[in-house]
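Novice: I need the structure of the sequence given here:
(2 chains)
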Amino acid sequence: MATVLDSKVPSGPLGEKWEKHKFESKLVNPANRRKFSVIVVGTGLAGASAAASLGDMGYNVKAFCFQDSPRRAHSIAAQGGINAAKNYRNDGDSIYRLFYDTIKGGDYRAREANVHRLAQVSVNIIDQCVAQGVPFAREYGGLLDNRSFGGAQVSRTFYARGQTGQQLLLGAYSALARQIHLKNVEMHTRSEMLDLVVVNGKARGIITRDLTTGKVERHSADAVLLCTGGYGNVFFLSTNAQGCNVTATWRAHRKGAYMANPCYTQIHPTCIPVHGEDQSKLTLMSESLRNDGRVWVPKKADDKRRAEDIPEEERDYFLERKYPAFGNLVPRDIASRNAKEVCDEGRGVGEGQAVYLDFAASIKRVGEDVIRDRYGNLFDMYAKITAENPYKTPMQIYPAVHYTMGGLWVDYNLQSTIPGLFVLGEANFSDHGANRLGASALMQGLADGYFVVPYTLGNYLGGTKLDPVDANAPEFAAAENDVNERVNKLLSVNGNKTPLQFHKELGKIMWNECGMARSKEGLEKALKVIPALREEFWSTVKVSGEAGEFNQQLERAGRVADFLEFGELFAKDALIREESCGGHFRTEHQTEEGEAKRDDENFAHVAAYEWTGKSGEQIRNVEQLVFENVKLTQRSYK
Amino acid sequence: MGSVITSNGHSKMLNLTLQVWRQKNVKAKGYMEEYKLKSVSTEMSFLEMLDMLNEQLIKEGKDPVAFDHDCREGICGMCGAVVNGYAHGPDEATTLCQTHMRSFSDGETITIEPWRAKAFPVIKDLAVDRSSFERIMESGGYVSIGTGGAPDGNAIPIPKEAADKAMDAAQCIGCGACVAACPNASAMLFASAKISHLANLPQGQVERRDRVRNMVRAMDELGFGNCTNHGECEAVCPKEIKMENIALMNREYFKALV
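Specialist: Have a look, this model is predicted:
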């Protein structure tokens, strides 16, 4: 029986909800905090900032990451910037405008109160990061510089060259390193969470595998925070790091946490095109490049001339033509769909699946040195991968899977449907609706970790009766046993296909049927072939090596096994959502101009899936989205 | 996405001989093993070539080569190996994951070894334990502030030149190539990058003296060597961190002692 979910959004006017909620929240006094233990899984922007903040407050924190250092989490790769409603440019920005842009950018599928809180704390994030020594770009007068990002008409994006994610993560990592030094945080690197332990209905611990020794371990706590990122690698090829996976959130889903809007995926418009079958990942070229780069293709199909031989009047700057108000800076979902459209018309460049991102006009206007100062590292990266010089010839770009807006369902407190299990950053579903605006992922990760969970976790710990937890409890033994059985099962199949082969096959199904354009027919096909592939996996996978050693094949096999279950739910969600919104584009539901056509009457809700014991048979629960402040309209960037 | 697409149409195929360091675990004795790999596209990255090798080894019932990697876009700092004697391979200012096979030629023999340093024990094959870098950072690579209470971001004006200098040093990805390339296995380029980043900014001034003392002590205790100006670290650094940071660190250290 489907239930209606309670988001626990506080009452009162939008702008006062968070202050009111903070005041009404229970507190844990500083002397008592050390009596509580908290597990933080993942050390990207959300996890590192949460672990550092909670350690600083006095909680006993245990943090986990699968990499060899917390500094390597994939937040490190974010390039362009972080939004904040500082209005330092005097160009009309405000907390309300950032809130409004984010709701609109998400195609009216996000929760108003969460997004407004995000916009409110965005200003504190910049202050916090500056105080840590994050070397943001400066103007000659010494003040902070800004640039523009998609979906906004103000300049509110703070940046550190093309490595903003790196610098923000190193800032959070440095705060975490200090807490580790002070022994407030116990750090477990090369450690992967393989199950969640629920005792008496509350999240009380996790089971991990030490990736160096293979040892399976039990860790108990009073609360568990999952900060484990998105599931873009279900597509195999994405801009995610190789290790990014759905396992932590999927294991929690199987223990009772609802998975929300899994079909909401962001396909980023500006990535380096695919080069071949052996490719392992796609590389993003930051959205910030669209500040100075112009997107175009030839006007006529099958034009094989080199870019420089095509005269101005025979070029189609299709984003500028179709969306004069936002031009090249339309939101990502729109830019991606338009790139696909012109390529489908046979006007793609290179090998056909690419469009140009051209800097010639900007270089002429401001000079090569200024462009190098702004994007030098991105141009270098492009040159290394393609062996072409983007200062001389236009870049070739094509959309690629980049970010996932869906994730575990959380209420206003970032708590999942399992009490004591909190979900932060990309791993949750809450703030970006059906499409995330550029430079907002960094903002959300740090907002959740620095400024939201320190309050809402205190409210939980201070207001909940928690029995002492014991890692010898039968629930821990059972979970550990499950993990060991699964590992042994993976190793014992001894078939003839590698985990990588299965991952690639799944990725192709996902890209073809659940990618930029989705149809009933394709999704129904996906729902047949994914379970079949999963069955084949469990009967023919070959995982080399042993359980009790450093075994990267085993790591991948476990992650692919979970993607093979998750992919099915993804397709199911996409099939049931009979509308187009943001990154979810159903070919049956489009306007005459080919834009996403929402169905607010039937789908202005969050779909949150409940595990029932068998993959594909989840119950679809609903959280109705209530819009008290913005009016739902057809998004227009024209 | 299934079809073979080359971005520039320059793709060629290589046949290679690989000499790879194999070591079962930290205690086992390592050795070089030879593998033949056919039809390696010049468009592939070095790590994609290793993926290809591993798929082949698994199919042959052999143990695949363990190597660390994650982002594959040159920023996480997880990957790295000594290739033909050079940390991160032949290309300047390039991590191993960003090195492409077009930098090698048909018929070539490529040797692949792990970072070698006392402070970086081998875990398996090409994967090493760099947790000593964590200890250095924990000893002082930060500004000691908690969450909340920070002044407005524009309350601390910073000259653009200082911010740019700080950023140059802050770009370090902590990969450990500098240690692997140094005949003394010194971590001074790594540590000095953080010291220089914070010394260039007003936020770093309060703890300037303690920071350099603590980080230098940590390096010594962890078994890293000293700098004797070989310059190998700067030559292999994928992020072009300059040795002038080491000079700055030394000045900072002497100032902190008096």
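
Novice: Taking the stretch 151-300 of chain A, what residue is nearest to chain B?
Specialist: Here the stretch 151-300 of chain A gets closest to chain B at one residue, residue A:174, 3.6 Å apart by C-beta to the nearest C-beta. All C-beta spots, glycine's among them, are computed from the backbone N, C-alpha and C.

Novice: And the pLDDT at that residue?
Specialist: Model confidence at residue A:174, expressed as pLDDT, equals 98.

Novice: Grab the nearest non-local neighbour of it.
Specialist: The shortest distance from residue A:174 to any residue that is not its chain neighbour, by C-beta to C-beta, 6 or more residues apart in numbering or on different chains, is 3.6 Å, and that residue is residue B:142.

Novice: surely the one you found meets residue A:172?
Specialist: No: counting by C-beta atoms under 8 Å, residue B:142 does not reach residue A:172; the two are 10.3 Å apart.

Novice: Verify the assumption that residue A:390 is located in a helix.
Specialist: No: with DSSP: H, G, I helix; E, B strand; the rest coil as the criterion, residue A:390 is assigned coil and is not in a helix.

Novice: follow-up on the earlier one: so what's the residue nearest to residue A:174 up against?
Specialist: Residue B:142 is in contact with A:132-133, A:174-175, A:177-178, counting by C-beta atoms under 8 Å, 6 or more residues apart in numbering or on different chains.

Novice: secondary structure element for it?
Specialist: Assigned by DSSP states H and E, residue B:142 belongs to no helix or strand.

Novice: does the residue of the stretch 151-300 of chain A closest to chain B sit in a helix, a strand or a coil?
Specialist: Three-state call for residue A:174 (three-state DSSP): helix.

Novice: Can you name the residue of the stretch 301-450 of chain A nearest to chain B?
Specialist: Distance from chain B to each residue of the stretch 301-450 of chain A (C-beta to the nearest C-beta) is smallest for residue A:351, at 4.1 Å.

Novice: which residues in chain B form strands?
Specialist: In chain B, strands defined by DSSP state E lie at B:13-22, B:31-41, B:82-83, B:86-87, B:109-113, B:122-124, B:127-128, listed in chain order.

Novice: circling back to that earlier point, hang on, the residue of the stretch 301-450 of chain A closest to chain B packs against residue A:273?
Specialist: Yes: under the contact definition of C-beta under 8 Å, residue A:351 touches residue A:273, with a separation of 7.3 Å.

Novice: These two: who's more crowded?
Specialist: Set side by side, residue A:351 and residue A:273 show unequal neighbour counts under other C-beta atoms under 10 Å in any protein chain shown, the larger going to residue A:273 at 25 against 18.

Novice: these two touch, right, that one and residue A:354?
Specialist: Yes: checked against C-beta under 8 Å, the pair residue A:273 and residue A:354 is within contact range at 4.5 Å.

Novice: Give the closest residue to the closest residue to chain A within chain B in space, chain neighbours not counted.
Specialist: Distance from chain A to each residue of chain B (C-beta to the nearest C-beta) is smallest for residue B:157, at 3.2 Å. If the residues on either side of it in the chain are set aside, residue B:157 comes closest to residue A:142, at 3.2 Å by C-beta to C-beta, 6+ apart.

Novice: so who does the one you found touch?
Specialist: Applying C-beta under 8 Å, 6+ apart, the residues contacting residue A:142 are B:157-160.

Novice: what's the longest helix in chain A?
Specialist: Selection of the longest helix in chain A by residue count, based on DSSP state H, yields helix A:552-576.

Novice: What are the buried residues along that one?
Specialist: Buried residues in helix A:552-576, defined by neighbour count with 16 or more other C-beta atoms under 10 Å in any protein chain shown: A:552-575.

Novice: helix or strand right after it?
Specialist: Remark: after helix A:552-576, the chain's next helix or strand is helix A:600-603, criterion DSSP H and E.

Novice: just the CA coordinates of the next helix or strand after that following helix, formatted as CSV?
Specialist: Per DSSP H and E, helix A:600-603 leads on to strand A:605-610 as the next helix or strand towards the C-terminus. Listed in CSV are the C-alpha atoms of strand A:605-610, where the atom choice follows Å, rounded to 0.1, in the frame of the first residue of the first chain:
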residue,chain,number,x,y,z
HIS,A,605,5.3,15.0,-6.9
VAL,A,606,8.3,13.1,-5.8
ALA,A,607,8.3,9.3,-6.5
ALA,A,608,9.9,7.5,-3.6
TYR,A,609,10.3,3.7,-4.0
GLU,A,610,10.1,1.2,-1.1
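
Novice: Residue A:463 - how many residues pack around it?
Specialist: The burial count assigned to residue A:463 is 11, neighbours taken as other C-beta under 10 Å.

Novice: ok, the closest residue to residue A:626 other than its chain neighbours - how many residues close by?
Specialist: Beyond its immediate neighbours in the sequence, the residue positioned closest to residue A:626 (C-beta to C-beta, 6+ apart) is residue A:112, lying 7.1 Å away. By the other C-beta under 10 Å criterion, the neighbourhood of residue A:112 contains 21 residues.

Novice: sorry, back to before: pretty sure the residue of the stretch 151-300 of chain A closest to chain B is touching residue B:143, no?
Specialist: Yes: Residue A:174 is within contact range of residue B:143, at 7.3 Å (criterion: C-beta under 8 Å).

Novice: Pick out whichever of those two has more residues nearby.
Specialist: Neighbour count, other C-beta under 10 Å: between residue A:174 and residue B:143, residue A:174 has more, with 26 against 20.

Novice: Contact partners for that one?
Specialist: Shown here is residue A:174, whose contacts under the criterion C-beta under 8 Å, 6+ apart are A:132-133, B:137, B:141-143.

Novice: buried set for stretch A:472-482?
Specialist: If you call a residue buried by 16+ other C-beta under 10 Å, then stretch A:472-482 has these buried ones: A:473, A:475-476, A:479-480.

Novice: and what of stretch A:614-628?
Specialist: Neighbour-count burial for stretch A:614-628 flags A:615, A:618, A:621, A:623, A:625 (criterion: 16+ other C-beta under 10 Å).

Novice: got the contact list for it?
Specialist: Stretch A:614-628 is contacted from outside by A:1-5, A:7, A:9, A:14, A:108-112, A:258-260, A:409, A:527, A:531, A:534, A:565, A:568-569, A:572-573, A:576, A:604-612, using C-beta under 8 Å, 6+ apart.

Novice: among those, which ones are buried?
Specialist: Buried subset of those (neighbour count, 16+ other C-beta under 10 Å): A:5, A:7, A:9, A:14, A:108-112, A:258-260, A:409, A:527, A:531, A:534, A:565, A:568-569, A:572-573, A:604-611.
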